[in-house]
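Peer 1: Give the three-dimensional model of this entry:
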Amino acid sequence: MKPVVSLEEMRAFDAKAVKDVGFDELVRRAGTAVAHQAIAMLDGVSGKRIAVVAGQGANGEDGRVAARALEARGATVLLLAPGAEASALEGVDLLIDAAFGTGLARPYEAPVPPTGTPVLAVDLPSGLNGDTGAELGRPVRATATVTMAAIKAGLLVGHGPELSGEIHVADIGIETSPSSMSLIEDADLASIPARARADHKWSSAVVVMAGSPGMEGAAALSCLGAMHAGAGMVHLVSAGATSRIPLEVVVRPTAVPELATHVLAEASRAGAIVIGPGLGRDPEVAAAVVRVVSERSVPVVLDADGLAAVGSVEELTFLVSAQTSPVVITPHDGELTRLLGEPVSSDRVAQLAALVEATGVTVLSKGPTTLVLSPSHEHPAVLFVTAGTQALATAGTGDVLSGVIGALLACGLAAPLAAALGAHLHGRAGARASGVLVSSALPALIGDVLSEARRGR
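Peer 2: Below you'll find the model as predicted:
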């Protein structure tokens, strides 16, 4: 995992580093890192024209150090103030944005470079809130960003990804541990446990409560996700038709009034329960969901129609507190808005943190950047997943994800890691699709990615 920091955390880390290393040395290292990235972007800078927009603070000092280093390499450098006119950027080969760093709290109207001119931002694109990714005025739109010591949360959420471009973390000697947030990386997939020699099919079994007439596909996709993510057995309990369910799945057809009873009975030998894909929203079904969650003895993934059965934050709090096993919810923005009774905030991290604190739930908030927050103190409070692609924006991929998370819970991972690693695995698999991704092809790709991660590829 890569550390991700809030602005408050970064200020504390900076202050300690200034005492230990010295301000001038830190600026020298930061400016040198910026210069090296500029050289890489232009494949050498001799004879190139580079504009550096430098403010009065530490960010501007980084830019001025970079300017001197680039001049020493043969570049012609124009040093400009933050209020420079766009016309001053005509003919430049690169714009370095060192106008404002993490301390900006007011709107900034960045000069717009000519179309096609690459932009390198120092620490943050000026005009981007480093915590929330909100725009402050008209921010810089960078081709790449060199951020010092650790990724700032605002680079990953809100408008951060579209404004920051390719992110490069420069190690300038600032210790950023412990941080409250982390970004999941490919190498982290190797931590997903493989089956032990003595394991049997029930050692990592998953019970799936899903499906209804006409929605058999959702149940099938969730079961397939669990199977390809390592579940030793998948047991589907469904009040819907089961003709489309994979042969390897053990199916228990049942009437709605007996749903909860059969799920709880099967879960006594399993490692996790997945509730929701294609389940339907009949009041009796909702009552079965409530009963299973409140009487659970193993971790639960509450997705789609399962989450819809929970009427409010207060009800979710009651259900989670009824037992000690973790509950993972996987809402998209519409589901989150319904549950909270308010729109999703521009400060998504703070809003989700409040939900977690109120309910004790582990929440996976789906989006271009997926966020996982948990009440657990054994892992960073916030995990970021950026592996998702637009290929996953198709019906059924969320059903697959719920099964994947269920399998990872069943194999013994803690809830926040199961959710975050499941989302990363899901995203990496989606990126492998050639052409249009069909959801039924996704589980096999998940199995491929997981196998390669365990082999260290």
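Peer 1: In the protein, which helix is the longest?
Peer 2: For the chain, the longest helix by residue count, based on DSSP state H, is helix 23-42.
Peer 1: Put the alpha carbons of that one into PDB.
Peer 2: In PDB, the C-alpha atoms belonging to helix 23-42 read as follows (Å, rounded to 0.1, in the frame of the first residue of the first chain):
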ATOM      1  CA  PHE A  23      13.700  23.800   5.200                       C
ATOM      2  CA  ASP A  24      16.300  24.800   2.600                       C
ATOM      3  CA  GLU A  25      17.400  21.200   2.100                       C
ATOM      4  CA  LEU A  26      13.800  20.000   1.700                       C
ATOM      5  CA  VAL A  27      13.100  22.700  -0.900                       C
ATOM      6  CA  ARG A  28      16.300  21.700  -2.700                       C
ATOM      7  CA  ARG A  29      15.200  18.100  -2.900                       C
ATOM      8  CA  ALA A  30      11.700  19.000  -4.000                       C
ATOM      9  CA  GLY A  31      12.800  21.400  -6.700                       C
ATOM     10  CA  THR A  32      15.300  18.800  -7.900                       C
ATOM     11  CA  ALA A  33      12.600  16.200  -8.100                       C
ATOM     12  CA  VAL A  34      10.400  18.600 -10.200                       C
ATOM     13  CA  ALA A  35      13.300  19.300 -12.500                       C
ATOM     14  CA  HIS A  36      14.000  15.600 -13.100                       C
ATOM     15  CA  GLN A  37      10.300  15.000 -14.000                       C
ATOM     16  CA  ALA A  38      10.400  18.000 -16.400                       C
ATOM     17  CA  ILE A  39      13.400  16.500 -18.100                       C
ATOM     18  CA  ALA A  40      11.700  13.200 -18.400                       C
ATOM     19  CA  MET A  41       8.500  14.700 -19.800                       C
ATOM     20  CA  LEU A  42      10.400  16.600 -22.500                       C
END
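Peer 1: Low-confidence regions, the chain specifically.
Peer 2: 198, 241, 378, 457 (pLDDT under 70).
Peer 1: Give me the residue at the spatial middle of it.
Peer 2: Geometric centre of the chain, nearest residue: V385, 2.4 Å, by Cα atoms, centre = their mean.
Peer 1: and it, bridged to which residues?
Peer 2: T370 (DSSP bridges).
Peer 1: need the next SSE after the longest helix of the chain, C-terminal direction.
Peer 2: Following helix 23-42 in sequence order, the next helix or strand is strand 49-54 (DSSP states H and E).
Peer 1: Please identify the buried residues of that following strand?
Peer 2: By 16 or more other Cβ atoms under 10 Å, the buried positions in strand 49-54 come out as I50, A51, V52, V53, A54. Glycine gets a C-beta too; all of them are placed from N, C-alpha and C.
Peer 1: Stretch 203-218 now?
Peer 2: Quick answer for stretch 203-218 (16+ other Cβ under 10 Å): 203-212, 215-218.
Peer 1: One more: stretch 388-399?
Peer 2: For stretch 388-399, a neighbour-count test (16+ other Cβ under 10 Å) marks G388, T389, A391, L392, G396, T397, G398, D399 as buried.
Peer 1: From N59, how far out is the second one?
Peer 2: Read that as T389. T389 sits 32 Å away from N59, going by Cβ to Cβ, to the nearest Å.
Peer 1: show me where this structure has helices.
Peer 2: Counting by DSSP H, the helices of the chain are 7-20, 23-42, 58-72, 160-164, 216-228, 259-267, 283-295, 305-308, 313-321, 333-340, 348-359, 397-410, 415-430, 442-454.
Peer 1: Next, format these as JSON lines and append distance to G367.
Peer 2: What follows is these, written out as JSON lines (distance: least, Cβ to Cβ, whole Å):
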{"stretch": "helix 7-20", "distance to G367": "21"}
{"stretch": "helix 23-42", "distance to G367": "28"}
{"stretch": "helix 58-72", "distance to G367": "29"}
{"stretch": "helix 160-164", "distance to G367": "10"}
{"stretch": "helix 216-228", "distance to G367": "19"}
{"stretch": "helix 259-267", "distance to G367": "30"}
{"stretch": "helix 283-295", "distance to G367": "24"}
{"stretch": "helix 305-308", "distance to G367": "16"}
{"stretch": "helix 313-321", "distance to G367": "20"}
{"stretch": "helix 333-340", "distance to G367": "7"}
{"stretch": "helix 348-359", "distance to G367": "8"}
{"stretch": "helix 397-410", "distance to G367": "12"}
{"stretch": "helix 415-430", "distance to G367": "10"}
{"stretch": "helix 442-454", "distance to G367": "18"}
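Peer 1: right, so of the ones you listed, which gets closest to L183?
Peer 2: helix 415-430 (9.6 Å; Cβ to Cβ).
Peer 1: Run the chain-centre distance for that closest one.
Peer 2: 9 Å (Cα atoms, centre = their mean, to the nearest Å).
Peer 1: other SSEs contacting that helix?
Peer 2: Helices and strands touching helix 415-430, by 3 or more Cβ pairs under 8 Å, 6 or more residues apart in numbering; DSSP states H and E, are strand 327-329, strand 362-365, strand 370-373, strand 382-385, helix 397-410, helix 442-454.
Peer 1: Of the ones you listed, flag the one that's most buried.
Peer 2: Compared across the helices and strands packed on helix 415-430, helix 397-410 shows the largest average neighbour count, a mean of 31 (mean count of other Cβ atoms under 10 Å).
Peer 1: Can you give me the neighbour number for D43?
Peer 2: Applying other Cβ atoms under 10 Å, we find 7 residues neighbouring D43.
Peer 1: going forward, begin numbering at 45 instead of 1
Peer 2: Noted, 45 is the first residue going forward, which turns the last one into D87.
Peer 1: who touches it in this structure?
Peer 2: For D87, no contacting residues are found, by Cβ atoms under 8 Å, 6 or more residues apart in numbering.
Peer 1: how about it, phi and psi?
Peer 2: Reported as degrees, to the nearest 10, the phi and psi values for D87 are phi 60, psi 50.
Peer 1: What's the separation between it and L138?
Peer 2: Counting by Cβ to Cβ, the gap from D87 to L138 is 11 Å.
Peer 1: try G261
Peer 2: From G261 over to L138 the distance is 50 Å, taken as Cβ to Cβ.
Peer 1: again, but for V493
Peer 2: V493 is 36 Å from L138, by Cβ to Cβ.
Peer 1: Check D58 too.
Peer 2: 27 Å.
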